[in-house]
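# Let's see this in three dimensions:
(chains A and B)
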Amino acid sequence: MSSIKIELRQEDIEKIREICSSFNKDPQELINILHKCQEHFGYLPAEVQEVVSNELDVPVAKIYGVVTFYSFFTMTPKGRHPISICMGTACYVRGAEKVLDEFKKELNLQVGQTTTDGKFSLSSLRCVGACGLAPVVLVGDKTYGRVAPDDVRNILREYE
Amino acid sequence: METIKLTIDNRAVEVPRGTTINKAARLLGIEIPVLCYMELKDMNIENKPAGCRICVVEVEGRRNLAPSCATNCEEGMIVRTHTTRVLNARRTVMEFILSDHPKDCLICAKSGNCELQSMAHKLGIREIPGQEIAAMSTYRLDTSPSIIRDLDKCIMCRRCEMMCNEIQTVGALSAVNRGFMAAVAPAFEQNLEHSTCTYCGQCVAVCPTGALTEVDHTPDVLRALADPSKTVIVQTAPAVRAALGEEFGMEPGTLVTGKMVSALRALGFDYVFDTDFAADLTIMEEGTELLDRLNRHLSGDKSARLPILTSCCPGWVNFFEYYFPDLKEVPSTAKSPQQMFGAIAKTYFADKIKVNRKDLVVVSIMPCLAKKYECQREEFSTDNNRDVDFSISTRELAAFIKQANIDLNNLEEDDFDAPLGESTGAGVIFGATGGVIEAAVRTAYELQTGKKLDRLDFTELRGLEGVREATIDFDGLPVRIGIAHGLGNARKLLDDVRSGKSQFHAIEVMACPGGCIGGGGQPLHHGNSEIIKARAAAIYAEDKKKPLRKSHENPFIIKLYEEFLDRPNSEKAHHLLHTHYFERKKKIVVKQ
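Next comes the predicted model:
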């Protein structure tokens, strides 16, 4: 559960309404609507879920149930520099887990969390299609290849 | 109808297509155990998530075991319900469920009435393998004014979720998270108090374990009874007398009115009164309001809104305050009988016996959990002193009686005290769906037409159909009446009112399926709808044998108006017996 309370701006509410309308406010399309909302906001805070609930006339408890069931959905905002470590087979066998552990240690974060200053968030993903560079780390749009645990500190330093 | 032949445990059976294996087995007298499954027959209530897998059976030719609650019979099927494989699977499933369930049965509120406990007993579970290394999922306790959620004890049967969403359409509870942390919870795992919960208590009524229970006010009542400076009076709702006996081994539908009065007296209450009295009073106020609005409407007064909606049921009041705040001027302003009783007890009666309201403790015995919340609503207090101090459920009363070593079965029958214990048959039938409006019709007809009714049983208003309608002839004036029980059914009627389609003059709503007799505070029905039907029959039987069956003929009601209230809907009556409603939606905020 997120500890961050946000207030939606009018234009945010309009955006959610627009997304819901583009699916004819059909409750059957809830998952697709949530995908679009997460695409737009980067995460699904309670306030967004409440607007979706009003638009679709679906209890907000149900929406929260869906959001917490599917691991793709998150109620935690991504950091300004989202870090993703590939845990696909190739990266994994070449030591991605040790790299991930190093990020966790350096940032004092668990996977799925964001630093309190909102700078970094940590996630793991499956295969970015750059297996030749394994293990691969993404920070925002930038790709780092053949990352070793010792490189982690230097990568983070680039964003200071 | 197309039928299917199959054999279950080597016995042939023929069933209509669409019958589940579990139901077919029951026809043969074979009770395949179920845990998450629950059905209230003839009430359109069924929980069938096929989640627990306790009811699995072996079907010849099928690779895996089949959940009998959710597998339909097929032609020529050969089913075995107690092979070694089935028994082992059932035991393993049970062991898994118990591995993540607290073992504090000794002090659990549900002990002795718990379906999980019964199942463990039935299956003879004596140890839980791996218990010493297994972690338990833990959740924080959530206590609301009426209901306690202890999710450590939740087994994810999802009966509560079904009641809250499909039957009541309240949408307060949903399955959230997954795997080990899965739970049934309000949105964002907030407390129930910050959700859309109406406290109808239907989740508690169907919970097989101690995960959902009521807030027990018996200790407060005991403290008041032990305090010599307090005068403690009690009021009993109509539905209680039709169900209390079940807790003492009596047949469902046994009326225990007289024995209940004796028990309450033995418990030490100074006066034993009847909410039925206040129900008669409700009819005087609500019936008068109905006729006033109806007559103004008929004479073309546009400000007289119809239909009028009954307002006795606090779960229903919470529901429309949340979902239909734009219609909050439509329900009757009459308080519920519980609150009318409290208001009269702490003014009229307190004066009569010369006791300060602060030294007068009013206890209500209710079939309902929302009543606990209702008596705590701010507008029902004067100088921080509640009109009704404590509300305890039928179940809590039964436990209280047992703790006091009183055997209800062997008590003499006794009568309620005067003046607030006298009631008519109209007050009694408040306990069943259709009863409030039938009581209102009996009085409104005579007040409107000035003629005596030649029949008092309006059977067209009775029954268990979710939404019912009837037109009653008020001597040439057709009065159209709608009835709904269960909040999902009420929503249908309310949607019509909102869109202007509703043709009714008056609508009765009770939040619980069956009305108060099926309330969240009643002895648990464990999925047997025959119990609810028997209670309804008992209520109507009590009505039938009452010498007076119309509220306006209650001599103590007549006296109350003469001595104190003047007339129905008088200024004083309005001050004491009427209320107003609030929009609840804006009070519910995201709390994280």
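# Geometric centre of chain B: which residue is closest?
Centroid check for chain B by CA atoms, centre = their mean gives residue B:519 as the closest residue, at 1.3 Å.
# I'd guessed that one sits against residue B:238; true?
No: under the criterion of CB atoms under 8 Å, residue B:519 makes no contact with residue B:238, lying 10.8 Å away. No exception for glycine: its C-beta is placed from N, CA and C like everyone else's.
# From what I see, residue B:262 and residue B:413 are in contact.
Yes: between residue B:262 and residue B:413 there is a contact at 6.7 Å, judged by CB under 8 Å.
# Looking at these two, which is more packed in?
Shown here are residue B:262 and residue B:413; by other CB atoms under 10 Å in any protein chain shown, residue B:262 has more neighbours (19 against 11).
# what about the more buried one, distance to chain A?
45 Å (CB to the nearest CB, to the nearest Å).
# cool, and residue B:271?
For residue B:271, the distance to chain A - CB to the nearest CB - is 43 Å.
# now do residue B:151
Distance of residue B:151 to chain A, computed by CB to the nearest CB: 14 Å.
# How about that residue: what's its closest non-neighbour residue?
Closest residue in space to residue B:151, ignoring its immediate chain neighbours: residue B:139 at 3.9 Å, by CB to CB, 6 or more residues apart in numbering or on different chains.
# doesn't residue B:153 make contact with that neighbour?
No: in this structure residue B:139 lies outside contact range of residue B:153 using CB under 8 Å: 9.5 Å.
# In the lowest-mean-pLDDT helix or strand in chain A, which of the residues would be classed as buried?
Least confident element among the helices and strands of chain A, by mean pLDDT, DSSP states H and E: strand A:120-125 (a mean of 90). By 16 or more other CB atoms under 10 Å in any protein chain shown, the buried positions in strand A:120-125 come out as A:120, A:121, A:122, A:123, A:124.
# out of those residues, which one sits closest to residue B:62?
Ranked by distance to residue B:62 (CB to CB), these are led by residue A:124 at 39.4 Å.
# how about the closest one, what does it touch?
Taking CB atoms under 8 Å, 6 or more residues apart in numbering or on different chains, we find residue A:124 in contact with A:84, A:85, A:86, A:87, A:100, A:111.
# Max pairwise distance over the residues you listed: which two?
The widest separation within the contacts of residue A:124 (CB to CB) is 12.7 Å, between A:86 and A:111.
# Return the per-residue confidence for the spatially most central residue of chain A.
Note on chain A: the residue nearest the mean C-alpha position is residue A:78, at 5.3 Å, using CA atoms, centre = their mean. Looking at residue A:78, its pLDDT is 84.
# which one is residue 21 nearest to, not counting chain neighbours?
Since no chain was named, I'll use chain A. residue A:55 (7.9 Å).
# not quite, I wanted chain B
residue B:68 (4.1 Å).
# Contact partners for the one you found?
Residues in contact with residue B:68 (CB under 8 Å, 6+ apart) are B:20, B:21, B:22, B:25, B:32, B:34, B:55, B:56, B:57, B:79, B:81.
# ok so the residue nearest to residue B:151 is a strand residue?
No: counting by DSSP: H, G, I helix; E, B strand; the rest coil, residue B:139 is not part of a strand but coil.
# give me the number of residues near residue B:387?
Residue B:387 is flanked by 24 other residues according to other CB under 10 Å.
# That one touches residue B:348, doesn't it?
No: applying CB under 8 Å as the test, residue B:387 and residue B:348 come out as separate, 12.0 Å apart.
# do you know how far the residue nearest to the centre of chain A is from residue A:50?
Distance, residue A:78 to residue A:50, using CB to CB, to the nearest Å: 21 Å.
# do you know how far the residue nearest to residue B:21 is from residue B:56?
7 Å.
# Report the mean confidence score over stretch B:528-538.
Mean predicted confidence for stretch B:528-538 is 96.
# quick one, what contacts residue A:33?
Counted by CB under 8 Å, 6+ apart, residue A:33 has contacts A:19, A:20, A:23, A:52, A:56.
# Show the model's pLDDT score for it.
At residue A:33, the pLDDT value in this model is 97.
# That one: which element?
helix A:30-41 (DSSP states H and E).
# And that helix, what's buried?
Neighbour-count burial for helix A:30-41 [16+ other CB under 10 Å]: A:30, A:33, A:34, A:35, A:36, A:37, A:38, A:41.
# swap in stretch B:540-555?
So stretch B:540-555, judged by 16+ other CB under 10 Å, has buried residues B:540, B:542, B:543, B:546, B:548, B:549, B:550, B:551, B:552, B:553, B:554.
# can you confirm the first one is in a strand?
No: Residue B:540 sits outside any strand when classified using three-state DSSP, being helix.
# nearest residue to it other than its sequence neighbours?
Leaving aside its sequence neighbours, residue B:540 sits nearest to residue B:429 (CB to CB, 6+ apart; 6.5 Å).
# Make sure that neighbour is actually in contact with residue B:239.
No: with contact defined as CB under 8 Å, residue B:429 does not count as touching residue B:239 (10.1 Å).
# Pull the contacting residues for residue A:153.
By CB under 8 Å, 6+ apart, the neighbours of residue A:153 are residue A:106.
# Work out for me the element it sits within.
Going by DSSP H and E, residue A:153 is in helix A:152-157.
# Can I get that helix as PDB, trimmed to CA atoms?
This file holds the C-alpha atoms of helix A:152-157, laid out as PDB (Å, rounded to 0.1, in the frame of the first residue of the first chain):
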ATOM      1  CA  VAL A 152      26.600  -0.400  -9.400                       C
ATOM      2  CA  ARG A 153      28.000   2.500  -7.400                       C
ATOM      3  CA  ASN A 154      29.300   4.200 -10.600                       C
ATOM      4  CA  ILE A 155      26.000   3.900 -12.400                       C
ATOM      5  CA  LEU A 156      24.200   5.500  -9.500                       C
ATOM      6  CA  ARG A 157      26.800   8.300  -9.400                       C
END
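# For residue B:214, list each beta-bridge partner.
residue B:147 (DSSP bridges).
# and it, how many residues sit next to it?
Count around residue B:214 with other CB under 10 Å applied: 24.
# Which pLDDT does the model give it?
Reading off the model, residue B:214 has pLDDT 97.
# Distance check, it against residue B:476.
Separation of residue B:214 from residue B:476 (CB to CB): 48 Å.
# ok, which stretches of the stretch 301-450 of chain B are helices?
Along the stretch 301-450 of chain B, the segments classed as helices by DSSP state H, counting those that start in this stretch run B:314-323, B:337-344, B:350-352, B:370-374, B:394-403, B:425-428, B:435-449.
# residue ranges with poor pLDDT in chain B?
B:586-592 (pLDDT under 70).
# Which residue ranges make up each domain of it?
Following automatic domain parsing, one finds the domains of chain B at B:3-82, B:109-214, B:218-577.
# No further questions, thank you.
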